[in-house]
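J.: Predicted model follows, preceded by the sequence.
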Amino acid sequence: MWIYEKKLEYPVRVNTTNPTLAAMIIEQFGGADGELSAAIRYLTQRWSMPIGKAKAILTDIGTEELVP
């Protein structure tokens, strides 16, 4: 059995909105040059590698990009 507590690991207080900062953060995570895009590129390129060691390296890099 477990108990679910909906609380932040690091509590934050937001006083004002900042659309410019929000756009930059969204671009870093999901944009063309973001972490998710890079991870997907590495993980899809691994399928075309003829050498097992190269596949392993691309898998490691791609999964590391996915970890927050």
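T.: Looks like it came in fine. Residues are numbered from 1 along each chain as shown.

J.: Buried ones in the top helix by length along the chain, by neighbour count?
T.: For the chain, the longest helix by residue count, based on DSSP state H, is helix 52-66. The neighbour-count check on helix 52-66 (16 or more other Cβ atoms under 10 Å) flags 58, 61-62, 65 as buried. (C-beta placed from N, C-alpha, C; glycine too.)

J.: closest to Lys6 among those?
T.: Distances from Lys6 to the buried residues of helix 52-66, taken as Cβ to Cβ, are shortest for Glu65 (27.9 Å).

J.: Look up how far Leu8 lies from that closest one.
T.: Using Cβ to Cβ, to the nearest Å, Glu65 is found at 24 Å from Leu8.

J.: Check Gly30 too.
T.: Using Cβ to Cβ, Gly30 is found at 21 Å from Leu8.

J.: Just name the shakiest helix or strand of this protein by mean pLDDT.
T.: helix 19-30 (a mean of 84; mean pLDDT, DSSP states H and E).

J.: That one: how far from the chain's middle?
T.: 13 Å (Cα atoms, centre = their mean, to the nearest Å).

J.: how about the CA coordinates for it, as PDB?
T.: The C-alpha coordinates for helix 19-30 follow below in PDB (Å, rounded to 0.1, in the frame of the first residue of the first chain):
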ATOM      1  CA  PRO A  19       5.900  35.000 -21.300                       C
ATOM      2  CA  THR A  20       9.400  35.500 -22.700                       C
ATOM      3  CA  LEU A  21      11.000  33.100 -20.100                       C
ATOM      4  CA  ALA A  22       8.200  30.600 -20.600                       C
ATOM      5  CA  ALA A  23       8.800  30.600 -24.400                       C
ATOM      6  CA  MET A  24      12.500  30.000 -23.900                       C
ATOM      7  CA  ILE A  25      11.800  27.100 -21.400                       C
ATOM      8  CA  ILE A  26       9.300  25.500 -23.800                       C
ATOM      9  CA  GLU A  27      11.800  25.800 -26.700                       C
ATOM     10  CA  GLN A  28      14.500  24.000 -24.700                       C
ATOM     11  CA  PHE A  29      12.300  21.100 -23.700                       C
ATOM     12  CA  GLY A  30      10.300  20.500 -26.800                       C
END
